[in-house]
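K.L.:
coords please:
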Amino acid sequence: MANKSVFCTALLAVIFLLFTEARAQEPLKPRPSPLEVVTMKWEDTYVKITYNRPHKRNRNIFGELVPYGKVWRTGANEATELTTTGDIKLAGKEVPAGTYSLFSIPEKDKWTIILNKDLGQWGAYRYDETKDALRFEVPAKQLSTTYEPFTIEFEQTASEVLLKMMWDKTGVQIPVSFK
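P.N.:
Residues are numbered from 1 along each chain as shown. Okay, the predicted model is just below:
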């Protein structure tokens, strides 16, 4: 009986090793919505946004793939996260230093931007409004350029910094100020 147990254990180990070796030789496939990190530094304050970039792929985006009036993870896969090493203002609203999940509620003419204290979420499936740190609205604009991948970027001019989010032909701009 002991020999049978040893044989079964050895057989399982060989099968596991063969399976692991076969999987290790498969080429890695790129994620359909690749990870992206955008950063901004102003004096001693560093702001970083980590998000996944879904692509349009001939789909109707806002109002269909991303429904109007529903909480969206503001990207794909894991919920987008914003980290700031110093206190900042977004659209004139105070944001203490820290890391936040960044959600939004798109509408045709405006978006509600949400910073939430619950980190490490997949999508917006477990979104809990009671953990919101901040909510504010910004106008949505129709763009002349089509953005195939969802894009977040900082734009700095001589007089201001804007946090911009664009996808398809829709965009929002959030004024950023540093203390």
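K.L.:
give the contact list for the residue positioned nearest the centre of the chain.
P.N.:
With distances taken as Cα atoms, centre = their mean, the residue of the chain nearest its centroid is residue 80 (2.4 Å). By Cβ atoms under 8 Å, 6 or more residues apart in numbering, the contact set of residue 80 is 49-52, 73-74, 101-103, 152. C-betas here are computed from N, CA, C, even on glycine.
K.L.:
tell me which of the residues you listed is nearest to residue 111?
P.N.:
Distance to residue 111 across the contacts of residue 80 (Cβ to Cβ) is lowest for residue 74, with 9.0 Å.
K.L.:
Got phi/psi on residue 71?
P.N.:
Backbone geometry at residue 71, expressed as degrees, to the nearest 10, gives phi -70, psi 130.
K.L.:
can you tell me which residues contact it?
P.N.:
103-105, 114, 124, 127.
K.L.:
What segments of the chain are strands?
P.N.:
35-42, 45-52, 80-84, 88-90, 93-95, 98-106, 110-116, 132-156, 161-178 (DSSP state E).
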